[in-house]
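Visitor: When you get a sec, could you give me coordinates for this:
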Amino acid sequence: MSRYLLKRILMMVLTLWIIVTLTFSLMHMIPGDPFASESDQLPEQILLNLRAKYNLDEPLPMQYLLYLKSLVMLDLGPSIKSETRGVNDMIKDGFGASALIGLQAIAVALFFGLLFGTIAALNRNTWIDYTAMVMAVLGIAVPSFIMAPLLINYLAIKWPLFPVATLTSWKHSVLPSLALAFGPLAIITRYMRTSMIDVMNQNYIRTAEAKGIPTFLIVIKHGIRNAILPIVTFMGPLIAGLLTGTFVVEKIFAVPGIGKYFVDGIFNRDYPVILGTTVFYSAILVLIIFLIDLAYMFIDPRIKLSSRGR
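Guide: Numbers count the residues shown, from 1 in each chain. Below you'll find the model as predicted:
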């Protein structure tokens, strides 16, 4: 167990270092710098002082080492475009809003995805199955940035059930959460249907049926628990993505989340904001994938960490 944990922690650190290095390199390959748009408005000496303040006058290897040094100290640096707030403050302020709509989207997608997938599998090749699959295909085909305006049009304008923009109450979080949940719900439904059909054809399910155990108990105790393993694998990147915010949906609903700062950082070429939000998202992703691997052991006792490590 300890060897497995040590190995995974080292892999997580290596993964984050590769992501930081690639993001830093790609970002500086773009011509210009954050002050390029102001070069015609400010005196040359002020531009030189600004570049020196943010270490942009240093060679790229030195900038890279300075950033790694601050990153080890959990300091994501100051924002170039915001004089009063650092990247740590932006992430601290935005993560709450992103996590709120993300958790709600995960709950909706997981609950209804497992429910619809199980119902479709138990009613295979019937109108219930076909209806669920058609809805799943539509959910996968229609992206969240298309679903968001549709929800606004029908649930906020034609039928004013929920408010739009900002995040001042729980009602404001309903529409962005639904927009984020629709796609994952459809994918979970398809995964669950396929996995449940396979599980329900296993010999131990037939044995349970022969013993006279009610179908409902068979599905709950034996079917869902074994069919959920593929869903657990898919949930890692999904949870990380939804918790840290989906940039377009947050922009559409004016949610003050991490996505807003990331998009603004790209437009403003705010290097620390771009790097900081990327590192934060990557850290959440690798951590959740690690926790998902540990969850396998509890979901399926046949899976042992030692064998997975080998």
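Visitor: next SSE after the lengthiest helix in the chain?
Guide: Among the segments of the chain that qualify as a helix by DSSP state H, the longest is helix 87-122. Scanning forward in sequence from helix 87-122 by DSSP states H and E, the next helix or strand is helix 127-141.
Visitor: Who are the packing partners of that following helix?
Guide: helix 87-122, helix 174-200 (3 or more CB pairs under 8 Å, 6 or more residues apart in numbering; DSSP states H and E). For glycine as for every other residue, the C-beta is placed from the backbone atoms N, C-alpha and C.
Visitor: Now render those as CSV, adding mean neighbour count and distance to Ile274.
Guide: Shown next, in CSV, are those (neighbours: other CB atoms under 10 Å; distance: least, CB to CB, whole Å):
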stretch, mean neighbour count, distance to Ile274
helix 87-122, 20, 9
helix 174-200, 23, 22
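Visitor: Would you tell me which of those helices gets closest to Leu275?
Guide: Leu275 lies closest to helix 87-122 among the helices and strands packed on helix 127-141, at 8.0 Å (CB to CB).
Visitor: Could you list the low-pLDDT ranges of the stretch 51-200 of the chain?
Guide: Residues of the stretch 51-200 of the chain meeting the criterion pLDDT under 70: none.
Visitor: Put together JSON lines for the helices and strands packed on helix 127-141, with distance to Leu138 on each row.
Guide: Shown next, in JSON lines, are the helices and strands packed on helix 127-141 (distance: least, CB to CB, whole Å):
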{"stretch": "helix 87-122", "distance to Leu138": "13"}
{"stretch": "helix 174-200", "distance to Leu138": "7"}
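Visitor: Which of those helices sits closest to Ala136?
Guide: With CB to CB as the criterion, Ala136 lies closest to helix 174-200 of the helices and strands packed on helix 127-141, at 4.2 Å.
Visitor: Near Ile224, how many other residues are there?
Guide: 18 (other CB atoms under 10 Å).
Visitor: Test my guess that it contacts Thr118.
Guide: Yes - the pair Ile224 / Thr118 is scored as a contact, 6.5 Å apart, by CB atoms under 8 Å.
Visitor: Spit out the residues that contact those two alike.
Guide: Met196 (CB atoms under 8 Å, 6 or more residues apart in numbering).
Visitor: how much space is there between the nearest residue to Ala186 once chain neighbours are set aside and Pro272?
Guide: By the measure of CB to CB, 6 or more residues apart in numbering, the closest residue to Ala186 outside its immediate chain neighbours is Gly139, 2.6 Å from it. From Gly139 over to Pro272 the distance is 37 Å, taken as CB to CB, to the nearest Å.
Visitor: does Ile9 sit in a helix or strand, and which one?
Guide: Using DSSP H and E, the element containing Ile9 is helix 2-29.
Visitor: which other helices and strands contact the longest helix of the chain?
Guide: helix 127-141, helix 174-200, helix 224-227, helix 229-243, helix 247-252, helix 258-268, helix 271-299.
Visitor: now, of those, which is deepest in the fold?
Guide: helix 174-200 (a mean of 23; mean count of other CB atoms under 10 Å).
Visitor: could you point out which element follows it?
Guide: For helix 174-200, the following helix or strand on the C-terminal side (DSSP H and E) is helix 203-210.
Visitor: Next, the angle from that next one to helix 174-200.
Guide: 90 degrees (axes from the mean of the first three to the mean of the last three CA atoms, to 10 degrees).
Visitor: Please identify the buried residues of whichever helix or strand comes after helix 203-210?
Guide: Helices and strands here follow DSSP H and E; after helix 203-210, the next one along the chain is helix 215-218. For helix 215-218, a neighbour-count test (16 or more other CB atoms under 10 Å) marks Ile218 as buried.
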